[in-house]
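[1] here is the input, now give the coordinates:
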Amino acid sequence: MGTLTNIYRSSVGKKFVVALTGLFLCTFLVEHLAGNFLLFVNDGGASFNEYSETLSHNVIIRTIEIVLFLAFFFHILTATTLWWRNRKARPDSYAQNQKSANSTLASRISFLTGSIVFIFLVIHLRTFFVPSRFFPSENPSMYTLVVFAFSNGWYCLFYLVALVLLGYHLRHGFQSAFQTFGIRGKNYQSLIEWIGVIFWLLIPLGFATMPIYFFWTTHFGG
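    Just a heads-up that it's a prediction; the model follows:
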């Protein structure tokens, strides 16, 4: 236990934790998007509500949720600690002169995008997860919650902006994770970049279809 604690305290150990939890959260995005596509089934939300009920009552899934929340916690905590350490260790003049030459825009704003995505996550959980999981008898079905939330233009706009920032965050984070693991060499770089497109572009686009669809059908669908 002491050895693991010492490893975690080191910068290398923290980078490993950020990379590992980040990739785990990427797999969650795939599952979450696949389940949310049930919103488009033309059955008045029955399939999506059944899916949501399964998530609420399946013991295995509830256990995975705990692991998921721990992954979010350690990813956010560790990434913030690394950012703060780097900020204190780097002189301001050096940062101003070298940042654009040595890093991409996505990497330079990674902490900012991650912070805004975190705010979005809190609001997202408050909008959907908390009412359906902790107060189910006091709230309508999950499908109704989705339709109601996405009928609000401001919420849809915030949701879409957060997805853009999520894409920027994943564009840097996905490739950076493999670099941390030491397997982003010439033999794998192209493959990692192509797979990365799935996470930083296609998955955010998939999520974006939902607020656009429900806002349009609610206000203009007749």
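
[2] so which helix or strand of this structure has the lowest pLDDT on average?
    helix 92-102 (a mean of 53; mean pLDDT, DSSP states H and E).

[3] look up how far residue 119 lies from residue 34.
    Distance of residue 34 to residue 119, given as Cβ to Cβ, to the nearest Å: 25 Å. From N, CA and C alone the C-beta is placed, and that goes for glycine too.

[4] likewise residue 197?
    26 Å.

[5] for the protein, just list every one of the helices.
    Under the criterion DSSP state H, the chain contains helices at 2-9, 11-36, 46-57, 59-89, 92-102, 105-108, 110-124, 130-134, 142-149, 153-180, 186-197, 203-220.

[6] would you turn those into a markdown table with mean neighbour count?
    Formatted as a markdown table, the helices of the chain follow (neighbours: other Cβ atoms under 10 Å):
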| stretch | mean neighbour count |
| --- | --- |
| helix 2-9 | 10 |
| helix 11-36 | 16 |
| helix 46-57 | 16 |
| helix 59-89 | 14 |
| helix 92-102 | 10 |
| helix 105-108 | 15 |
| helix 110-124 | 17 |
| helix 130-134 | 14 |
| helix 142-149 | 18 |
| helix 153-180 | 19 |
| helix 186-197 | 12 |
| helix 203-220 | 16 |
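
[7] and the ones you listed, which one averages the lowest pLDDT?
    Of all the helices of the chain, the minimum mean pLDDT falls on helix 92-102 (a mean of 53).

[8] I figured residue 51 was touching residue 39, is that so?
    No: taking contacts as Cβ atoms under 8 Å, residue 51 lies outside contact range of residue 39: 9.5 Å.

[9] overlap in contacts, these two.
    Common contacts of residue 51 and residue 39 (Cβ atoms under 8 Å, 6 or more residues apart in numbering): none found.
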